Structures are given as C-alpha cells and as structure tokens.
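Visitor: Any chance you could fold what I've pasted below:
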Amino acid sequence: MLLMKITVLILFFVAYYFIITNKIDKAAISFIAGALMIGVNSVTKIFPNLTITHAGSFVDFDTIALLLGLMVIIPFMGDAGVFQFLALTVLKISKGNLKILYILTAFTVAISSAFLNNVSTVMVFVPVILAISESLDKDPFPFLMMIVFSANFGGGMTLIGDPPNMIIGFANGFSFVDFILNAMPGVILAMIAVIFLFVRRERGYFHVSKKQNQAPIHPFSVINDKSLAWKSTLTFLGAVVGFILPQSWGIPPSTVAIIAAAIFLFLIKADSETMEKVYSRIDWSTIFFFIGMFALVYALEGTGISNDIASTLSVIIPNDFVLILVVLWLSILMASLLSAVPTVMIMIPIIHGFEKIFGANSFVWWALVMGQSIGGNLTVVGAAANMVVAGMTKKLERGRLEFGRYFKYSLPAVLLSGTIVTAYLVAKYMM
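Guide: Here you go, the predicted model:
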C-alpha cells in the first residue's frame, strides 16, 4: 500500500503542477493522470473497482449528466438572444443612472449565474458594459470587477450554479432546495457587503452628465428567434421546477436535466445539423477533466492519504468553530490558486476524513461551497469567469484585468466576504 500511496501522490502532484503552470491543457493532464492511475491499478489490483468496467464506482455520472443536460439547452438560449435581452432590459430600467445600472447589473449577473452558465453570462454582459463605458468615457475596470464577483457569487448560490456545487451536492445527497436554504443566504449577504464596499470605493465614478445619457434601447429587438427563445427558456424553467421537486419523489436533478434536454430536442425537431451544433457546444474539456480527477480522488481516498491529511490537520482543530475556519479559509486560499474545481476535488476526501474524526456535520460542506465561491474571486486565475473577462479585455487601452491591479482591488472584498460568511456559518450552525 505504501508504494501505491507514493504512486498516487506522484500522479497527483504532477497533474496539479501542469494544471497550475498551464503547460498542458488541464483536461488533458487530468485525463492522462486518471488513465495512468487506472492502468497502474490494473497491474497492482489494489482497488477492485478502479477499472473501466466499474467506472460508475468512481466517476460521478450524476454530475456529468446534469452538466450535459444543461449544456444542451443553455447555448440555444444564447442563440435566440435571451441573454442579450436580459442585459438590455437592465440597461433600459436604469434610465441612464450609472449607479442603478451598476447595482442592477450585479444582481442580474448573480441571478443569471445561479441558474445559467456564468461564463456565458459574463460574455453577454461584458460587451454591453464596455460599449457603455466607451460612450461615457469611463474606465470599465470597476464594472468588470463587479461582473466577475457577481458571476462567482451567483455560481455559489445553487446546485446548478457551478460544477463544484454539483460535485459537492451529489457527493452528499444535497438537493437544489438544500443549496437555496443553506448556501444562498450566506452568499447573498457576502455579495451585498461587497457591492456596498465597491460603491463606496467608486463614489465619484457614477457621476454622468445629462448629455451622456443613453438613448432608449428596446430589449426585444435582440430576440432573433422568438420560437427558439420560448422553447429553450420554458424548457429550462421547467427543469428548474423539476430540480425543486421534493427528494421523497426520488427524481435526482441529473435525471431532470437529461429529460429536459430530451424534451427540448424534440420540441425543436433536432436534425443532424442541429445535433452537430449540440456536439460542438458541449464542454468536453470539463467532462474529460472530471473523469480523470474522479479517478485520482478515488485513489487518494482509497489509499488513506486523505485521512492522513485530515488527521494531521485535526491536531489544530479543537472545536467546530475552528473546523469552520479551517475549511472555509483553506478553500478560499486553494480556490484562488488552483481554481474552484480542483479545490473541491481535493477537499471532498479530506472532509470525509474530518467526518471520521469529528462526526458528520453539514456545515463543513457549506463552508466548502461558499469558500470555493469566494476564493475564486481573489485572483485572475481563480475562476473561469475571471479568465474569460481578462481575455476579453486584453486589447483595451484601459480596464484590462491584470494580475496586480486585480489582486489589489479584490483582496479587501474577499477578506470582507470571507468574514461575512464566517459569521453567517457560526450564527446559523453553532448558535
């Protein structure tokens, strides 16, 4: 077993070295490491279920099925102009008041990211904000930072908001409603505090002369396919209703997502050309990344390495309060460096180790959910939304999301939101 532990650790650290340095695509290196792990086990036969024929034992197909179902529907909502409609509706409601636009955009991005793909959300809102900033001769940086934070906060609110939430949810049997009742309130409190901080910090930024007010914009003008907009939106809303169904009904969110995708494909009478679009929009890199990481994490837990880490950390954890602090702030730090998904993959088996020592406590999992969501805001590489926005601003003369300026702006907000969430967790679960 010692030799197997060494092998697992080598593969694990090699994989994370390439993930951090980005010298090899993260999906590729994860898949390579996972495949090698399965190959080594086929010789040593230490883990009976770590084989291709027993993939269901270590690959969380619930997470993958939920992702696939949403990946089928959501891109067509973008094609129909639904996201652009949301962005321009917010702009119209603000009536040229930049502060109102800022706050409305923050909450719209967060809500959209809680139910839709946060990368798609920022890709829609960023061009709108850049156009407005240019017309007003404003530096778009404050708006862009708010969009990034809101997208990541929104992703932490629900089961379907972000892949890390799906992984945590299915690992523990948490329902869509569980996330709304436990994660959403804490994340909303943190988000409100951060928006207040940003607004105070940019007090002079929101002054706009009357001559600079925007002309009225009609949101419905960007809906380029009404039939597709209705079919995709109603199917998606139907899926959300399905996610809220009582657990006693025994219908998991993954099944709801797959059924919703099937109904949608039937409604649009998907032909071979349409299916080619579906295939091209599925994020295969995320799926390959997950499959490889699931294999590595299974081995990490099976060899007892995660228990060893948990036992070592438990020495400095005298009570539940410190346990909350350790899990939350360790998740924040790790997510800022590794990004959210790898952080969650590492932390899940460690928390399972904590449960063996301290007993099962659901608040530990909610600390992980909120920690990875907040930590993703700290650096440019902390979350996919950050990197997408940074890429979209590369050629701008001002407003670029560069590492130093980003970190200086984000650090106070992350410390504040982390403190708010710590207080929320302590108040909700320990008082």
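Visitor: and Leu267, how many residues sit next to it?
Guide: By the measure other C-beta atoms under 10 Å, the count of residues near Leu267 is 15. Backbone N, C-alpha and C define where each C-beta goes, glycine included.
Visitor: Quick check: it touching Lys231?
Guide: Yes - at 4.8 Å, Leu267 and Lys231 qualify as touching, with contact defined as C-beta atoms under 8 Å.
Visitor: Show me which parts of the helix or strand harbouring Ala28 are buried, residue by residue.
Guide: Ala28 is located in helix 26-44, with elements delineated by DSSP states H and E. Within helix 26-44, the residues scored as buried using 16 or more other C-beta atoms under 10 Å are 26-27, 29-34, 36-38, 40-41.
Visitor: And the furthest pair within those residues?
Guide: Maximum pairwise distance among these (C-beta to C-beta): 22.5 Å, between Lys26 and Asn41.
Visitor: before we move on, back to that, I'd like to know which elements the helix holding Ala28 is packed against.
Guide: With contacts taken as 3 or more C-beta pairs under 8 Å, 6 or more residues apart in numbering; DSSP states H and E, helix 26-44 sits against helix 2-21, helix 284-302.
Visitor: Mind naming the longest helix for the protein?
Guide: Counting by DSSP state H, the longest helix found in the chain is helix 403-430.
Visitor: got any ranges where the chain has weak pLDDT?
Guide: Applying pLDDT under 70 to the chain flags residues 1, 208-217, 247-248.
Visitor: how close does the closest residue in space to Ser306 that isn't next to it in sequence sit to Ile357?
Guide: Counting by C-beta to C-beta, 6 or more residues apart in numbering, Pro349 is the residue found nearest to Ser306 once chain neighbours are left out, at 3.4 Å. As judged by C-beta to C-beta, to the nearest Å, Pro349 and Ile357 stand 13 Å apart.
Visitor: Would you agree Leu228 is in contact with Ile268?
Guide: Yes - at 6.8 Å, Leu228 counts as touching Ile268 under the criterion of C-beta under 8 Å.
Visitor: More neighbours: which of these two?
Guide: Higher neighbour count among Leu228 and Ile268: Leu228, with 19 against 15, using other C-beta under 10 Å.
Visitor: residue contacts, that one?
Guide: Residues counted as contacts of Leu228 (C-beta atoms under 8 Å, 6 or more residues apart in numbering) are 76, 79-80, 268.
Visitor: Just the buried ones among those, please.
Guide: 76, 79-80.
Visitor: Which of these fall in helices?
Guide: The helices, defined by DSSP H, take in 76, 79-80 from those.
Visitor: Save these as a markdown table, and put in distance to Phe321 too.
Guide: Formatted as a markdown table, these follow (distance: C-beta to C-beta, whole Å):
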| residue | distance to Phe321 |
| --- | --- |
| Phe76 | 47 |
| Asp79 | 49 |
| Ala80 | 49 |
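Visitor: And these, which is closest to Ile258?
Guide: Each of these was checked against Ile258 using C-beta to C-beta; the closest is Phe76, at 16.0 Å.
Visitor: Quick check: which element contains the nearest residue to the closest one once chain neighbours are set aside?
Guide: Nearest residue to Phe76 in three dimensions, chain neighbours excluded: Ser232, at 4.5 Å (C-beta to C-beta, 6+ apart). Ser232 is part of helix 226-243 when elements are defined by DSSP H and E.
Visitor: Outside of the next helix or strand after that helix itself, list whatever touches it.
Guide: Once the chain leaves helix 226-243, the next helix or strand it forms, by DSSP H and E, is helix 253-267. Residues from elsewhere that reach helix 253-267 (C-beta under 8 Å, 6+ apart): 61-63, 65-66, 68-70, 72-73, 76, 159-160, 169-170, 175-176, 231-232, 235-236, 238-239, 242-243, 245, 274-275, 278.
Visitor: Please apply the same query to stretch 53-60.
Guide: 48-50, 167, 170-171, 290-291, 294-295, 297-298.
Visitor: Including neighbour count, could those residues go into a markdown table?
Guide: As requested, the contacts of stretch 53-60 are exported to a markdown table (neighbours: other C-beta atoms under 10 Å):
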| residue | neighbour count |
| --- | --- |
| Pro48 | 10 |
| Asn49 | 13 |
| Leu50 | 22 |
| Ile167 | 23 |
| Phe170 | 20 |
| Ala171 | 18 |
| Phe290 | 25 |
| Ile291 | 20 |
| Phe294 | 22 |
| Ala295 | 25 |
| Val297 | 26 |
| Tyr298 | 23 |
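Visitor: Next one: Ala382 relative to Tyr102, how far apart?
Guide: Small correction: residue 382 is Gly, not Ala. To Tyr102, Gly382 is 22 Å away according to C-beta to C-beta.
Visitor: of those two, who's got more company?
Guide: When neighbours are counted by other C-beta under 10 Å, Gly382 comes out ahead of the other of Gly382 and Tyr102, with 29 against 21.
Visitor: before we move on, what SS does the more buried one have?
Guide: Taken by DSSP: H, G, I helix; E, B strand; the rest coil, the conformation at Gly382 corresponds to coil.
Visitor: count of neighbours near the residue nearest to it when sequence neighbours are not counted?
Guide: Using C-beta to C-beta, 6+ apart and skipping the chain neighbours, the partner closest in space to Gly382 is Gly376 (4.2 Å). Using other C-beta under 10 Å, Gly376 has 33 other residues around it.
Visitor: Verify the stated contact: Phe198 with Ser410.
Guide: No - in this structure, Phe198 is not within contact of Ser410 by C-beta under 8 Å, at 10.4 Å.
Visitor: which neighbours do those two share?
Guide: Residues touching both Phe198 and Ser410 (C-beta under 8 Å, 6+ apart): 145, 149.
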